[in-house]
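Colleague: Provided below are the primary sequence and the corresponding predicted coordinates.
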Amino acid sequence: MTSAQRPLGTADAIDPTQETGLHHVAALSTELQDVSEVDQRQVRLERVVLVGAWTSGTLEDAESSMAELAALAESAGALVLDGVIQRRDKPDPATYIGSGKAQELRELVLDHAADTVVCDGELSPSQLVRLEEVVKVKIVDRTALILDIFAQRATSREGKAQVELAQMQYMLPRLRGWGQSLSRQSGGSGGGGGMATRGPGETKIETDRRRLREKVSKLRRELDGMKAGRDLKRQERKRNKVPAVALAGYTNAGKSSLLNRLTGADALVQNALFATLDPTVRRTQTQSGRSYTLADTVGFVRHLPHQLVDAFRSTLEEVAEADLILHVVDGTHPDPEAQIEAVRTVIGEIGGAGVPELLVVNKADAAPRDVLDRLAEAEPSAVAVSARTGEGVEELLVRVEEALPHPDIEVEVVIPYTHGHLVARVHEEGELISEAHEEEGTRVRAKVEEDLAAELAPYSAS
Ligand SMILES: Nc1nc2c(ncn2[C@@H]2O[C@H](COP(=O)(O)OP(=O)(O)OP(=O)(O)O)[C@@H](O)[C@H]2O)c(=O)[nH]1
Ligand SMILES: [Mg+2]
């Protein structure tokens, strides 16, 4: 089951014997035996039941959040067997859902022979433990689930380090107790780490915590080093006045598809959540020949774990520091407005609120007419496109060109034929108004940035 958009309603109807595509990952041993284990730490998700505490919004909102949780669980390789929502003013401080409901959940888990419950929220360490005691299978929250998907997807050195950092930060406050009951069941009360590694008077938990913290600092240093390289490249692009455009949007909206369509790149496209973790940056040109860079980025999701936002900050800077954000939204999603809002929230969190945004409604080939109309009315400046068929892409290119920062110094120069590179730079960096070949050289009228204007000054024709 790879469809990322299957509505939850059909989850109930899944045949539990249909276990194709099941992805087994290592069990989450709860007591840390060795800090290096964190590298391999993945949440075991096999046969899962979903549970949500519906605290605000309409039933529809609650159901769509659960449908997304189902898609996330499937993206992590799980088989979703059932889902339940409890209406509450706020999550139960002890067990997330109420104690009666927790008992029902236990029954449901037994009925389905499920081995994991996934909660639609971030649970406190003690909620995880208490609920686990009642339900007697592993409890995983939305944050851990998303972290697990990221862990499965990360390929680059930087991506892996970023995910690892986020996982460790998630683990740190949860070292004590998470899944104690289960680790006791499996006979594991630690062992491996060994007494010898403990400082004087340190408990096992304290040792684990200390080593995790050390590893966190080390990872941060490594990541800082990797970030330096990228910063340098970005600085260089800035110095060269190449405008930067960043694709941002909800996961699975079609950002990578659009990058491919606009630049002929071959970024990974998948009907899966968080297919892209490593940003691809491509240099491309507007129709009038002005260069700009287009960066693909990691997708956003509602309640993107703050540990991830933090760990991926350097990647997300690609968005925050862009000259223009192409905010891609999936027109076929049941609630694109909620996605738009979630994406804008994350953009704000990473400091990108001031960056001009061009909303791109993607998958216009498959989106219902009324949704497209509704979005066009709510967001009059939006462009509807299809990365698949190419419809609307011409208009998008025009709109991108308009939205790029415009150089504002008008020059009229005659550039000697021996200085062709300057003519080329005017084409790449500036906006050409007219060009004519004369005896002494190329007569160019154009709008350019300050640096280039200074270099062109000796050839001024006026
Ligand atoms: N019908 C239709 N499907 C599309 C279009 N663009 C993308 N898709 C599909 O949507 C899915 C996600 O596309 P991606 O380009 O991987 O999306 P993304 O935004 O990069 O996703 P993440 O990297 O996972 O955040 C794929 O199955 C694409 O084939 C489109 O214009 N029309
Ligand atoms: Mg992608």
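Modeller: Perfect, I can see it now. Ligands and ions are numbered 1, 2, ... in the order given.
Colleague: what residues of stretch 121-139 count as buried?
Modeller: 121-123, 127-132, 134-135, 137-139 (16 or more other CB atoms under 10 Å). Placement of C-beta: from N, CA and C, glycine included.
Colleague: stretch 95-109 too?
Modeller: Within stretch 95-109, the residues that count as buried by 16+ other CB under 10 Å are 95-97, 101-102, 105-106, 108-109.
Colleague: which of the residues you listed fall in helices?
Modeller: Using DSSP state H, the subset of the buried residues of stretch 95-109 located in helices is 101-102, 105-106, 108-109.
Colleague: ok, the closest residue to residue 366 other than its chain neighbours - contacts?
Modeller: Closest residue in space to residue 366, ignoring its immediate chain neighbours: residue 332 at 4.9 Å, by CB to CB, 6 or more residues apart in numbering. Residue 332 makes contact with 5, 363, 366-368, 371 under the criterion CB atoms under 8 Å, 6 or more residues apart in numbering.
Colleague: quick one: which of those sit in helices?
Modeller: Using DSSP H, the members of these that fall within helices are residue 371.
Colleague: next up, identify which helix or strand the residue of the stretch 101-250 of the chain found nearest ligand 2 is on.
Modeller: Nearest residue of the stretch 101-250 of the chain to ligand 2 (CB to the ion) works out as residue 247 at 8.4 Å. Using DSSP states H and E, the element containing residue 247 is strand 244-249.
Colleague: partner strands of that strand, with direction?
Modeller: strand 291-295 (parallel), strand 324-330 (parallel) (DSSP bridges).
Colleague: most packed of those strands?
Modeller: strand 324-330 (a mean of 24; mean count of other CB atoms under 10 Å).
Colleague: so how far is that strand from its chain's centroid?
Modeller: 13 Å (CA atoms, centre = their mean, to the nearest Å).
Colleague: what do you get for stretch 371-391?
Modeller: 22 Å.
Colleague: and stretch 304-322, by the same measure?
Modeller: 8 Å.
Colleague: could you do stretch 229-249 as well?
Modeller: With CA atoms, centre = their mean, you get 19 Å for stretch 229-249.
Colleague: buried residues in that stretch?
Modeller: Under 16+ other CB under 10 Å, the buried positions of stretch 229-249 are 230, 234, 237, 241-249.
Colleague: re the thing from before, give me the subset of the buried residues of stretch 121-139 that lies in strands.
Modeller: 138-139 (DSSP state E).
Colleague: could I get the buried residues of stretch 121-139 as a markdown table with pLDDT?
Modeller: Below are those laid out as a markdown table (pLDDT from 0 to 100):
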| residue | pLDDT |
| --- | --- |
| 121 | 85 |
| 122 | 84 |
| 123 | 88 |
| 127 | 90 |
| 128 | 88 |
| 129 | 88 |
| 130 | 90 |
| 131 | 92 |
| 132 | 91 |
| 134 | 93 |
| 135 | 93 |
| 137 | 91 |
| 138 | 89 |
| 139 | 90 |
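Colleague: so which of the buried residues of stretch 121-139 are in helices?
Modeller: Per DSSP H, the buried residues of stretch 121-139 map to helices at 127-132, 134-135.
Colleague: returning to what we had before: and of the contacts of residue 332, the nearest to ligand 2?
Modeller: The closest of those, once distances to ligand 2 are taken by CB to the ion, is residue 363, at 13.7 Å.
Colleague: the closest one: neighbour count?
Modeller: 24 (other CB atoms under 10 Å).
Colleague: same check, this time on the one 3 residues further on
Modeller: Other residues within reach of residue 366, judged by other CB under 10 Å, total 12.
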